[in-house]
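> Return atomic coordinates for the entry below.
(2 chains)
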Amino acid sequence: MNIFTRGFRGRKRDSSGQLPPGQYLTNDFPVLSAGPTPRIPPDAWEFLIATEQGESHRWSWAELMALPAESVTVDVHCVTRWSKLDTVWRGVSLDTLLADIETEADFALVHSYGGYSTNLPLEDLLDGHAWVAYEYDGEELAPEHGGPVRLLVPHLYFWKSAKWVRGIDLMLQDSPGFWEQLGYHDYGDPWREQRYQGD
Amino acid sequence: MARAAVPGGLTVRRNWRQAQLVERRPETASASTLAFEVPGWPGHLAGQHIDVRLTAPDGYQAARSYSLAAPTNGDRIEITVQRVPDGEVSSYLADEARDGDTVEVRGPVGGWFVWKPEDSAPVLLLAGGSGVVPLMAMIRSRDGVSPAPFRLLYSVRTPEDRIYDHELRRRATEDGGLDITFLYTRTAPAAETRSVGRITAEDLLRYGWPPDVEPTCYVCGPTPFVETVADLLIDLGHNPTRIRTERFGPTGP
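Model (predicted):
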């Protein structure tokens, strides 16, 4: 800390410990995306996981709906500094989708309808840390929030929770996604404030 | 949207730098432009933003992102701040900061919602409210440097809400390659022929570029504005890969 800002006092401090450094609380649900919102009817939707061996596993909307679902209540933290606590989602755990897949991969590159992508270590998708979510707050997930299905990886900054998710490439080596190529962090841990490359 | 290559030289500048407020200009009743001197500023592209950080006496810090309003110009940068009710950083910048005060900034940030003078394609700029700020940086960057024709459709509630009003109208008069249309949603000047209301497909057809000239479209504003406009552009036949969006939510900067 090298300077104070004359005349700045700031809001009441967060003493609950629920907010990562540099975040502020919002009760809205802001929308951020780099381009138009894709409109994907569920019957045209499919989800594909491809392994480093080139093996593909596909799920249609109906097949996804037939899998065991979980309801989860999590906090989400956007790199643009808003955080939203106790958000309620319903979807399928990535543990379920990845259960029967043979892979040696350490990394995942997540792809979306509309061309967006994001990268993260595969282990961050496992052990109850990640879901493909199709309901938010008891309602079907709205297109501007990523519907029909978005990835939900709430322990990382929210851009890793790719909207309009369509598939995951499992890879032996890390490869930067859309925002990561533009200077955002490859991992994005909000509690370590990993916003940009080098943080 | 294709996987975009990182624009040349655009490594993220992550160091916090001291920024001294050197000029303040009111733009509307609730928006002001603030100019800072930032020693060692690395330069930026039109459309990029910065993080501004304030530090309270007890060490508490708050940071928010602001679009850069002017082209790169040595160590001088400009932002335009719209006062947000209960905005922790915006109310300080809008009401409290005085010439000579120092804040911290880092950046530039963002390599997608940018326009570069070497891009020669026609440009369609679509602004809702204070979403005009990064688009103004593009208009100012184009001046005398690029022959790319620009059209700006700028949706505002009333004539009093026009940010950069005088400069925009001067530029539109002096520059044959720049067309500007104000779209009033609540109250329009007496001479206005368009009925007040939100932007429509007809507005885009009448005042924008047709899809076959393949403009790059930059849409910036509140989320409902961006959602509406991006959908209208796609319905009119614009390629989604040429539509770039940036949104200011209700809890935005």
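> I'd like to know how many residues surround residue 91.
You didn't pick a chain, so chain A it is. Burial of A:Gly91 is recorded as 24 neighbouring residues (other CB atoms under 10 Å in any protein chain shown). All C-beta atoms are positioned from the backbone trio N, CA, C, and that covers glycine.
> meant chain B actually
Residue neighbour count, defined by other CB under 10 Å, stands at 14 for B:Ser91.
> before we move on, what about A:Val76?
Counted with other CB under 10 Å, residues neighbouring A:Val76 total 21.
> Then A:Arg6?
By other CB under 10 Å, 15 other residues sit near A:Arg6.
> if I read this right, it contacts B:Asp101, doesn't it?
Yes. At 5.3 Å, A:Arg6 counts as touching B:Asp101 under the criterion of CB atoms under 8 Å.
> Checking the closest residue to chain B within chain A next. Helix, strand or coil?
Going by CB to the nearest CB, chain B is nearest to A:Pro30 of chain A, at 3.1 Å. At A:Pro30, secondary structure determined by DSSP: H, G, I helix; E, B strand; the rest coil is coil.
> what's the answer for B:Asp231, then?
Using three-state DSSP, the structure places B:Asp231 in helix.
> give me the number of residues near it?
Residues lying near B:Asp231 (other CB under 10 Å) number 16.
> What pLDDT does the model give it?
pLDDT, B:Asp231: 96.
> Return the residues in contact with it.
Counting by CB atoms under 8 Å, 6 or more residues apart in numbering or on different chains, B:Asp231 makes contact with A:Pro36, A:Thr37.
> how does it look with 7 Å?
Counting by CB atoms under 7 Å, 6 or more residues apart in numbering or on different chains, B:Asp231 makes contact with A:Pro36.
> again, but for A:Gly35
Neighbour list for A:Gly35: A:Gly114, B:Met1, B:Pro240, B:Ile243, B:Arg244, B:Thr245 [criterion: CB under 7 Å, 6+ apart].
> go with 8 Å
A:Gly114, A:Gly115, A:Tyr116, B:Met1, B:Ala230, B:Pro240, B:Thr241, B:Ile243, B:Arg244, B:Thr245.
> Let me know the distance separating the fifth one from chain A.
By that I understand B:Ala230. According to CB to the nearest CB, to the nearest Å, B:Ala230 stands 4 Å off from chain A.
> Please name the nearest non-neighbouring residue to that residue.
A:Pro36 (3.7 Å; CB to CB, 6 or more residues apart in numbering or on different chains).
> Spit out the contact partners of that neighbour.
Contact criterion CB under 8 Å, 6+ apart gives A:Gly114, B:Ala230, B:Asp231, B:Leu233, B:Ile234, B:Pro240, B:Ile243, B:Thr245 as the residues in contact with A:Pro36.
> show me the contacts for the second one.
In other words, B:Ala230. B:Ala230 neighbours (CB under 8 Å, 6+ apart): A:Gly35, A:Pro36, A:Thr37, B:Val219, B:Ile243, B:Thr245.
> So which residues of chain A form strands?
Applying DSSP state E to chain A gives strands spanning A:24-25, A:46-50, A:56-60, A:70-77, A:82-93, A:107-112, A:117-121, A:131-136, A:139-140, A:150-152, A:165-171.
> Need the winner for burial among the ones you listed.
With neighbours defined as mean count of other CB atoms under 10 Å in any protein chain shown, these peak in mean count at strand A:150-152, which reaches a mean of 25.
> Of the contacts of A:Gly35, which is the most crowded?
B:Thr245 (27 neighbours).
> which residues does that one bridge with?
B:Val219 (DSSP bridges).
> what does A:Arg150 give?
Here A:Arg150, judged by DSSP bridges, has bridge partners A:Ala133.
> so what's it scoring on pLDDT?
Predicted confidence (pLDDT) for A:Arg150: 97.
> With the one 10 residues further on instead?
Listed pLDDT for A:Lys160 reads 97.
> Looks like it contacts A:Pro121 (just checking).
No. Taking CB under 8 Å as the definition, A:Lys160 is not a contact partner of A:Pro121, at 10.5 Å.
> Show me the helices in the stretch 151-253 of chain B, by range?
With DSSP state H, counting those that start in this stretch applied, the stretch 151-253 of chain B shows helices at B:165-174, B:201-207, B:223-235, listed in chain order.
> mind listing what B:Ala35 touches?
B:Leu21, B:Val22, B:Glu23, B:Arg24, B:Arg25, B:Ala70, B:Arg76, B:Ile77, B:Glu78.
> Identify the residues contacting residue 154.
Picking chain A for this. Under the criterion of CB under 8 Å, 6+ apart, the neighbours of A:Pro154 are A:Val74, A:Asp75, A:Val76, A:His77, A:Thr87, A:Ser161.
> Correction: the question concerned chain B.
B:Tyr154 makes contact with B:Leu125, B:Ala127, B:Val132, B:Arg162, B:Leu168, B:Ile180, B:Thr181, B:Phe182, B:Leu183, according to CB under 8 Å, 6+ apart.
> all strands for the stretch 101-250 of chain B, in order.
B:102-109, B:123-128, B:150-156, B:178-184, B:216-222, B:243-248 (DSSP state E, counting those that start in this stretch).
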